[in-house]
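> Here is the input, now give the coordinates:
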Amino acid sequence: MSDNRFEDGMKVRRAVLGDAHVDRAEARKTPFDADFQRYITETAWGAVWTRPGLDRSTRSLLTLALLAAQGHWEEFAMHVRATGNTGATAEDIAEMLFHVAVYAGVPAANRGFAIARETLKEIEQQDAEGAER
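Okay, here's the model as predicted:
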């Protein structure tokens with residue numbers, strides 16, 4: 001794949017997940033997984049997230065729904081945190097989880113609500129602590 005796809009993917013990845021998250025991920029990269037990390041950046045972020053057909057908020061909600069449906073809870077929490085950068089709201093997340101309940105099962109939605117609630121609470125606490133400084 002082209003360097004442009006990687007560079008475009010890295011820009012979107014940083015815009016969605018934040019510089020701190022991407023910097024930590026890049027620092028953990030080893031020769032063993034470097035090609036895989038490049039693949040993710042080029043494919044997920046550079047080929048899919050850069051497409052013009054959907055806005056970032058919609059892509060964010062779709063990603064959350066798919067992660068919840070498949071039970072990928074660590075990635076789900078990471079993408080809940082990313083909604084601060086994508087424009088998806090807490091209300092959007094709750095509505096998306098209703099769809100998950102119907103199409104992927106109530107247990108997946110129930111777990112999603114629990115993780116989203118805790119993650120959003122952490123974000124609020126961090127924001128409040130930042131405002132106090």
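> in what helix or strand does the residue most central in space within the chain lie?
Closest to where the C-alpha atoms of the chain average out (C-alpha atoms, centre = their mean) is H79, at 2.4 Å. Assigned by DSSP states H and E, H79 belongs to helix 73-86.
> How far away from the center of its chain is that helix?
In this view, helix 73-86 has its centroid 4 Å away from the chain centroid, taken as C-alpha atoms, centre = their mean, to the nearest Å.
> Residues touching it, excluding its own?
For helix 73-86, the external contacting residues (C-beta atoms under 8 Å, 6 or more residues apart in numbering) are 15-18, 21, 56-57, 59-60, 63-64, 67-68, 89-90, 92-93, 111-112, 115-116, 118-120, 123. The C-beta positions use only the backbone N, C-alpha and C, and glycine is treated the same way.
> got the buried residues for the helix or strand that comes right after it?
Using DSSP H and E, the helix or strand that follows helix 73-86 in sequence is helix 90-104. For helix 90-104, burial by neighbour count (16 or more other C-beta atoms under 10 Å) applies to D92, I93, M96, L97, V100, A101, A104.
> Nearest residue to the third one in space, please, no chain neighbours.
Spatially, and ignoring its direct neighbours in sequence, M96 is nearest to L61 (4.8 Å; C-beta to C-beta, 6 or more residues apart in numbering).
> Contacts only, for that neighbour.
L61 neighbours (C-beta under 8 Å, 6+ apart): A88, D92, I93, M96.
> Burial check on the first one, number of neighbours?
Translated: A88. 25 (other C-beta atoms under 10 Å).
> now T86
When neighbours are counted by other C-beta under 10 Å, T86 comes out with 22.
> How about A27?
7.
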